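Undergrad: For reference, the sequence and a predicted model appear below.
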Amino acid sequence: MPRVFRVMRKEADGLPTVSPTALGIRARVDVDVDAQHNVLVNGKGMSVAPNWRDINVNRVPKRLRPILPGAGGSNNTFCFRTGNGAFVQGPFASGLTLELDSATHGNVAPAQAVPLASYEADIAATRPDWEEDET
């Protein structure tokens, strides 16, 4: 699995919150869906980066300003990492692929057209694999 980072809220167990603005997506914003609520395979998905320092400074928690000047995100969010492989396009997890649009940004997208609920479940299934990493 490619190594990726994402800023998310976390639950009491230390793992990311599963929600459209944390470990998840917003239908019709992050992905396109058809009339039957199937997610289109067009490279869109849950935004990730190869390092938390590559994430927009407005999303990175303010407490990390000593490491990343300009960080202005909520201190109620945390930088999470999953995977150990190279940040390259290809398989990500069951039912998911990593689609790159630059060297510093990608999207975790569905591997094939599936109902929105299935795509959301595939993303949620990665929850145990994420760990906080603000180093």
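TA: Received, thanks. Numbering: from 1, shown residues only.

Undergrad: Run through the helices of the chain in chain order.
TA: Remark: helices assigned in the chain by DSSP state H are 116-124.

Undergrad: Please enumerate the strands of it.
TA: Listed in chain order, the strands of the chain (DSSP state E) span 4-8, 38-39, 46-48, 78-82, 90-93, 96-102, 105-110, 114-115, 131-132.

Undergrad: residues in contact with the first one?
TA: Read it as strand 4-8. 16-17, 22-23, 46-52, 54-55, 59-61, 73, 77-83, 87, 92, 98, 106, 108, 130, 133 (CB atoms under 8 Å, 6 or more residues apart in numbering). Every C-beta, even on glycine, is put in place using the N, C-alpha and C of the backbone.

Undergrad: any chance of the strands of the chain in JSON lines, plus mean neighbour count?
TA: Formatted as JSON lines, those follow (neighbours: other CB atoms under 10 Å):
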{"stretch": "strand 4-8", "mean neighbour count": "23"}
{"stretch": "strand 38-39", "mean neighbour count": "22"}
{"stretch": "strand 46-48", "mean neighbour count": "23"}
{"stretch": "strand 78-82", "mean neighbour count": "23"}
{"stretch": "strand 90-93", "mean neighbour count": "18"}
{"stretch": "strand 96-102", "mean neighbour count": "17"}
{"stretch": "strand 105-110", "mean neighbour count": "23"}
{"stretch": "strand 114-115", "mean neighbour count": "16"}
{"stretch": "strand 131-132", "mean neighbour count": "12"}
